[in-house]
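> Quick one, what's the 3D model for this:
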Amino acid sequence: MTTRIALGQLNVSVGDFAGNIARIVAAARAAHRDGARLLLTPELALSGYPPEDLLLRPTFYTTSAAALAELAEQLKPLTGLHVVVGHPHRDSAKAPGADASGAGAPSAHGNANRPIERGLPPVDTYNAASVLVDGKIIGTYRKQALPNTEVFDERRYFASDTTPFVFALDGVRYGVIICEDAWHAAAAQLAKAAGAEVLLIPNGSPYHLNKGDARVDILRARVAETGLPVVYVNLVGGQDELVFDGGSFVLDAKGELAMRMPQFVEGQAIVEFDGAAPQRGVIAVTPPLEAQVYAALVLGVRDYIGKNGFPGAIVGLSGGVDSALVLAIACDALGSERVRAVMMPSRYTADMSMLDAAEMAQRLGVRYDEIAIGPMMAAFRGALAGEFDGLPEDATEENIQARIRGTLLMALSNKFGALVLTTGNKSEMAVGYCTLYGDMAGGFAVIKDIAKTLVYRLCRYRNGASSFARRDIIPERVLTRAPSAELRDKQTDQDSLPPYDVLDAIMQMYMEEDQPLADIVAAGYAREDVLRVTRLLKLSEHKRRQAPIGIRVTHRAFGRDWRYPITSRFAEQIP
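Numbers count the residues shown, from 1 in each chain. Here you go, the predicted structure:
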């Protein structure tokens, strides 16, 4: 018998139960019109993912339970359509009208995996997925494997359960497991032992470089172990620093792709199953790395600004490569009419910087203003003249200029409501080549996880990509001149930093890969450069703790992934 299964690659919002219900219902109606018998939605699609410490609020669970019951009621007219929906679940949070066999039913499994802590009620809480059909909740699966690495801390919120959940549809038995469950063998094997013939896997798997390929490889391992085809549906959209890329797919019992959806695009797809065997459908091509990263940044900006209700964005445009990339991303995310560029020249700003900034703003069609900071810098010099008498100029005067610019941008943000997008990259953030309350001032750090060498690659990609209506938006000179903060005469970044290809490689090996210093030196990098970069990296931790959040695209970004103490006397030695 042929069964049509719909994959709902949805962009939901954390805590927006009403809005998320509307999205799921719209997807279900479309699936029903297309003759689907089953719709699979992503992990925690009802509440959004990750809810973080909202999960410590008892009312979050009662609201979720009520929303699940409301969703079941709204799906009732779609006769025969089975909808798998993810939701936070507390056994005691029974909603009025919930079916006794479903999300409101008490569990006999207990919460042995998490001790009762102060402020947490003594009840079971789970990352769950329920199956809804004909207005009823026919069963609920509770996630087994709880990730506690990288950006994940599910053991803070959830208990684990090892009970499989399998249901029958059109003569085929479907087993549900959730996200991290699929990265280990146990949950899939338990589902098979319970009679599953197809695995349904809702996911909230955030993007990082090359993760799409890793997901397919991991699921192929599960297929090889169980002999079961899998339907894998992933979230899409931005949630604070995380970006979910979708890329949902289906594997047959041999581990071959039967269908794959595009990345970074909300949508829906249908796959036909002949019994338990998926039929081949459209397989979206995986874009090149630069295209993936650029799309992730655009989606992250669009959703952060859109979901938080900002009317637009402000970018301090310097004529350099970092602010050029951020301005391009902002315009592609929001439209030029919602983006404003501000150039704030000083006596050290080169003419070419002003010309290039104005030229790029003109190419993009954004509002462009110039506010000279010379008069304000003179006022600061006068106010501090007595305190600084007899002392030479140093980084203090450079930082004052950056802080004047930050104050101006934040004033515009306060007055007009638009969000300031900061322009610092990961290389600068690593070694502290940034100014607290200056160029770090703002609401969202678009490229804080983008190394400087990748910044240039992304600019080249954006200039040449045929998928955009406007190409060559970044003037060539911005990409070829030596980078400079332009805070003193004849300044370049390389005056105080190793070449960026060296800096980025050391940063990647030390910060992202946790390699010992000796191994980095053995890889061919000068001992002096390794010690210098890693010393600056540790000294700059206090700055990064005060930086705005920004988009994560590597498997280890500064922020939730990186938890190093500010106060520490540990110094790794090189033999």
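> any chance you could read off phi and psi for the nearest residue to residue 278 once chain neighbours are set aside?
In space, residue 278 comes closest to residue 258 once its chain neighbours are excluded; the distance is 4.1 Å by Cβ to Cβ, 6 or more residues apart in numbering. Every residue, glycine included, has its C-beta placed from N, CA and C. Main-chain torsions, residue 258, degrees, to the nearest 10: phi -100, psi -30.
> What of residue 273?
Residue torsions, per degrees, to the nearest 10, at residue 273 are phi -110, psi 130.
> Not counting sequence-adjacent ones, nearest residue to it?
residue 3 (4.7 Å).
> got it, and residue 474?
In space, residue 474 is closest to residue 324, 4.8 Å off (Cβ to Cβ, 6+ apart).
> What is the helix or strand hosting the one you found packed up against?
In the assignment (DSSP states H and E), residue 324 maps to helix 321-334. Here helix 321-334 touches helix 289-307, strand 313-316, strand 339-343, helix 351-364, strand 419-422, helix 452-464, helix 476-480, going by 3 or more Cβ pairs under 8 Å, 6 or more residues apart in numbering; DSSP states H and E.
> tell me the angle of the third one relative to helix 289-307?
To tie it back to what came earlier, the one meant is strand 339-343. Strand 339-343 and helix 289-307 are oriented at 100 degrees to each other (axes from the mean of the first three to the mean of the last three Cα atoms, to 10 degrees).
> chain center to strand 339-343: distance?
Taking Cα atoms, centre = their mean, to the nearest Å, the mean C-alpha location of strand 339-343 is offset from the chain mean by 25 Å.
> What of stretch 187-205?
Relative to the chain's own centre, stretch 187-205 is displaced by 26 Å; criterion: Cα atoms, centre = their mean.
> what do you get for stretch 562-575?
Chain-centre distance of stretch 562-575: 28 Å, with Cα atoms, centre = their mean.
> Ends of it, what's the gap?
26 Å (Cα to Cα, to the nearest Å).
> on that earlier part again, quick one: the helix holding residue 324 to helix 289-307, angle?
With the same axes, to 10 degrees defining the directions, helix 321-334 sits at 60 degrees from helix 289-307.
> List the contacts of the residue nearest to the spatial centre of the chain.
Nearest to the geometric centre of the chain sits residue 242, at 1.8 Å (Cα atoms, centre = their mean). The contact partners of residue 242, by Cβ atoms under 8 Å, 6 or more residues apart in numbering, come to 50, 151, 206-207, 552.
> what's the most distant pair in those residues?
By the measure Cβ to Cβ, 50 and 207 form the most distant pair in the contacts of residue 242, at 14.2 Å.
> who's more crowded, the two?
Legend: neighbour count by other Cβ atoms under 10 Å for residue 50 and residue 207, higher for residue 207 (28 against 22).
> Can you tell me the closest non-neighbouring residue to that one?
Residue 207 sits nearest to residue 245 (Cβ to Cβ, 6+ apart), 3.9 Å away.
> now residue 211
Among residues not flanking residue 211 along the chain, residue 205 sits closest, at 7.1 Å (Cβ to Cβ, 6+ apart).
> With residue 20 instead?
The shortest distance from residue 20 to any non-neighbouring residue, by Cβ to Cβ, 6+ apart, is to residue 12 (4.5 Å).
> Quick one: low-confidence residue ranges for this protein.
For the chain, applying pLDDT under 70 flags the ranges 93-123, 485-488, 490-491, 493-495.
> Break it into its domains for me.
As assigned by automatic domain parsing, the chain contains the domains 2-282, 292-495.
> Which residues are in contact with residue 298?
Contacts for residue 298 (Cβ under 8 Å, 6+ apart) come out as 264, 329, 332-333.
> one more time with 7 Å, if that's ok
329, 332-333 (Cβ atoms under 7 Å, 6 or more residues apart in numbering).
> Tell me how far it lies from residue 238.
Separation of residue 298 from residue 238 (Cβ to Cβ, to the nearest Å): 9 Å.
> on that earlier part again, residue 271 is in contact with the residue nearest to residue 273, correct?
No: if you go by Cβ atoms under 7 Å, residue 3 and residue 271 don't touch, sitting 9.5 Å apart.
> Would you mind telling me which of these two has the busier surroundings?
residue 271 (24 against 21).
> That one should be in a strand, yeah?
Yes: looking at residue 271 with DSSP: H, G, I helix; E, B strand; the rest coil, it is inside a strand.
> what bridges to it?
Applying DSSP bridges to residue 271 gives these bridge partners: residue 5.
> In contact with it, which residues are there?
Residue 271 neighbours (Cβ under 7 Å, 6+ apart): 5, 7, 250, 258-259, 278, 281.
> One more pass at 8 Å, please.
4-5, 7, 231, 250, 258-259, 278-279, 281.
> got a winner among the residues you listed for most neighbours?
residue 7 (31 neighbours).
> which element is it on?
Assigned by DSSP H and E, residue 7 falls in strand 2-9.
> ok, so of the contacts of residue 242, who is nearest residue 462?
residue 207 (18.2 Å).
> gap between the closest one and residue 239?
Distance of residue 207 to residue 239, computed by Cβ to Cβ: 11 Å.
> how about residue 267, phi and psi?
For residue 267, the backbone dihedrals are phi 180, psi -170 (criterion: degrees, to the nearest 10).
> thought residue 252 was touching residue 278?
Yes: applying Cβ atoms under 8 Å, one finds residue 252 in contact with residue 278, separated by 5.3 Å.
> Can you work out which residues contact both of these two?
The contact sets of residue 252 and residue 278 overlap at 229, 258 (Cβ under 8 Å, 6+ apart).
> tell me what the strand holding residue 7 is packed against?
Helices and strands touching strand 2-9, by 3+ Cβ pairs under 8 Å, 6+ apart, are helix 17-33, strand 38-40, strand 230-234, strand 267-274.
> So for residue 474, which of these sits nearest?
Taking these one by one with Cβ to Cβ, strand 267-274 is closest: 30.0 Å.
> The closest residue to residue 1 other than its chain neighbours: neighbour count?
Spatially, and ignoring its direct neighbours in sequence, residue 1 is nearest to residue 170 (5.2 Å; Cβ to Cβ, 6+ apart). Using other Cβ under 10 Å, residue 170 is surrounded by 15 other residues.
> ditto for residue 6
Neighbour count for residue 6, taken as other Cβ under 10 Å: 25.
> what's the answer for the one 3 residues further on, then?
The criterion is other Cβ under 10 Å. On that basis, residue 9 has 28 neighbouring residues.
> same question, residue 272
Neighbourhood size, residue 272 [other Cβ under 10 Å]: 17.
> Distance check, it against residue 74.
26 Å.
> Alright, I will stop here.
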